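K.L.:
Got a predicted structure here, sequence first:
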Amino acid sequence: MRREIFAVSAVAVLMMTAACGSSDNYGGKAPAVQPVGDSKQAGSADDIYGGGAGGGAVPAGQLGKTGPAGQMKVSEIQGLGAAVTDSEGFTLYRFDKDTPKPPKSNCEGDCAATWPAVAAEGASVSAGIDAALLGSVERSDGTKQLTVAGWPVYRYAKDAKAGDALGEGVGGTWHALGPGGKPAGKGAAAGAEKEKEEEKKEDKPAEEAKASGLTAVQNPELGTLVEDAEGKTLYRFDKDSAWPMKIGCVDACTDTWKPAKPVDKANVNGVAPELIGKVKRPDGTEQLTIDCWPVYTFTGDKEPGDTTGHNNKGLWFAITDKGKKAKVVN
C-alpha cells in the first residue's frame, strides 16, 4: 500500500512582552484599580447611571439603541428647549464624566445598557449643527462611537418615543446635547461648571510650563542631579527607551512613579536646553524628557532633595544633568 506522508509546518507565535514587568519592578505594590463605571463603586447601578430616573422598568425594545444617528437635527424639546435629536427624533445625550480632549467614554458595562452609545457611521447634520464638530472615538470593545465637539454621544434607554428627554439631568451628570456640544437648554446651567473646568484644562499646560522649571543640584554622594520646581529628584527607568523613545512605566506603575510634566526651557537652570524635550504617553498626556529619556518623580521621596528611589530594584536611577544614570554608591 502506498503511503503518503504530509509535512506539518510549525506556526510561530508572537509573544507581546509586558512593558513594565511585575508591580514589584516599580518599587511599590500595584494597587487594585476600580474600573470606571463599575456598579460596585457606590450604591446600585440605577443610582450611578440613572436607571432609576423616569420611573418603572425599561420599556421593552428600548435597550440596545446603538444604531447610527442618521441626519441629526436641532429640535425643540418640551420643557427643555433646543436640543440635538437623531433622524427619528430621539434625544441625544452627553455625560459629564466623559472627556472631549481627548475624546473618551467613561460609560461601560451596566452604564452602556442604560445609555447606549450612538454608532459613529452614517452621521450627518441639518441646519443649526456644524458638520465640522462631528467625530468618533473608539470604545473598549473596538466599536466607534459618535462624538460632537469631542463629546461621546448616547441615547437613553427609557426614552420611549421621539421628543422624550427623560435622561435630562439624571445623576446631575447626564444632559441633552446642545448643537455645539454643550448641554442643551436648562442643562446648560447645570453643565456650566463642567465646561469651565474643561476650559481651565486647556489653559493649564501653558500656565504650568511657565511656573515650573528644573534645576541642577549637587548631591554629595551622587553628583549633579536634576530636581523639579518643588525640589523633587527626577528619575529614569531602565525599561524605558531613549531612542526610539518608548514608555515602559504605565498603568499601576504611575501610582508609584509619577511622569514629570514638560517644562519651559527658559525656566531650566544648570541643564543644557537642547537636552530638554517631551514625549507623548500612551494615554495621550505629555511627559518631560532629558536627553530623550522620560523622567519621573518617586512617591517615596517625602522631602525636597530626597533620593530614596535611586537604584530601586536596579531599574530606577536618579538622572544627572546630562541625562545619564547617577552613580551607584555601595
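P.N.:
Arrived safely.
K.L.:
Can you name the helix or strand that the spatially most central residue of the chain falls in?
P.N.:
Nearest to the mean C-alpha position of the chain, by Cα atoms, centre = their mean, lies residue 283 at 5.5 Å. Using DSSP states H and E, residue 283 sits in no helix or strand.
K.L.:
out of everything not next to it in sequence, what's closest to it?
P.N.:
residue 250 (7.9 Å; Cβ to Cβ, 6 or more residues apart in numbering). All C-beta atoms are positioned from the backbone trio N, CA, C, and that covers glycine.
K.L.:
Please tell me I have it right and that neighbour contacts residue 281.
P.N.:
Yes - using Cβ atoms under 8 Å, residue 250 is in contact with residue 281, at 7.5 Å.
K.L.:
okay, the residue nearest to the centre of the chain: pLDDT?
P.N.:
At residue 283, the model reports a pLDDT of 90.
K.L.:
where are the low-confidence patches of this structure?
P.N.:
Along the chain, the model assigns pLDDT under 70 to residues 1-64, 186-212.
K.L.:
The stretch 201-330 of the chain: helices as residue ranges?
P.N.:
253-256 (DSSP state H, counting those that start in this stretch).
K.L.:
Please look at residue 72 and residue 127 and confirm they touch.
P.N.:
No - between residue 72 and residue 127 there is no contact, the gap being 10.8 Å when judged by Cβ under 8 Å.
K.L.:
For those two, indicate the residue with more neighbours.
P.N.:
Set residue 72 next to residue 127 and count neighbours by other Cβ atoms under 10 Å: residue 72 wins out with 26 against 7.
K.L.:
dump the residue contacts of that one.
P.N.:
Under the criterion of Cβ atoms under 8 Å, 6 or more residues apart in numbering, the neighbours of residue 72 are 84, 85, 86, 87, 92, 123, 124, 125, 126, 129.
K.L.:
close enough to count as contact, the last one and residue 84?
P.N.:
The reference is to residue 129. Yes - with contact defined as Cβ under 8 Å, residue 129 counts as touching residue 84 (6.6 Å).
K.L.:
what do these two both touch?
P.N.:
Between them, residue 129 and residue 84 share the contacting residues 72, 73, 74, 148, 179, judged by Cβ under 8 Å, 6+ apart.
K.L.:
any idea how far the residue nearest to residue 283 is from residue 173?
P.N.:
28 Å (Cβ to Cβ, to the nearest Å).
K.L.:
Between these two, which has more neighbouring residues?
P.N.:
The neighbour comparison of residue 250 against residue 173 (other Cβ under 10 Å) goes to residue 173, with 19 against 14.
K.L.:
could you say which helix or strand contains residue 82?
P.N.:
strand 81-85.
K.L.:
Can you spell out which helices and strands pack onto that strand?
P.N.:
When contacts are defined as 3 or more Cβ pairs under 8 Å, 6 or more residues apart in numbering; DSSP states H and E, strand 81-85 packs onto strand 71-77.
K.L.:
can you rerun that using 10 Å?
P.N.:
When contacts are defined as 3 or more Cβ pairs under 10 Å, 6 or more residues apart in numbering; DSSP states H and E, strand 81-85 packs onto strand 71-77, strand 93-95, strand 174-176, helix 187-190.
K.L.:
gap between residue 67 and residue 86?
P.N.:
9 Å.
K.L.:
Need the overlap of contacts for those two.
P.N.:
Listed as contacting both residue 67 and residue 86 by Cβ atoms under 10 Å, 6 or more residues apart in numbering are 118, 155.
K.L.:
Compare the two and say which is more crowded by neighbours.
P.N.:
residue 86 (23 against 15).
K.L.:
quick one, what contacts the closest residue in space to the more buried one that isn't next to it in sequence?
P.N.:
In this structure, residue 86 finds its nearest non-sequential neighbour in residue 69, 4.2 Å apart by Cβ to Cβ, 6+ apart. By Cβ under 10 Å, 6+ apart, the residues touching residue 69 are 84-88, 90, 92, 118-125, 134, 146, 148, 153, 155.
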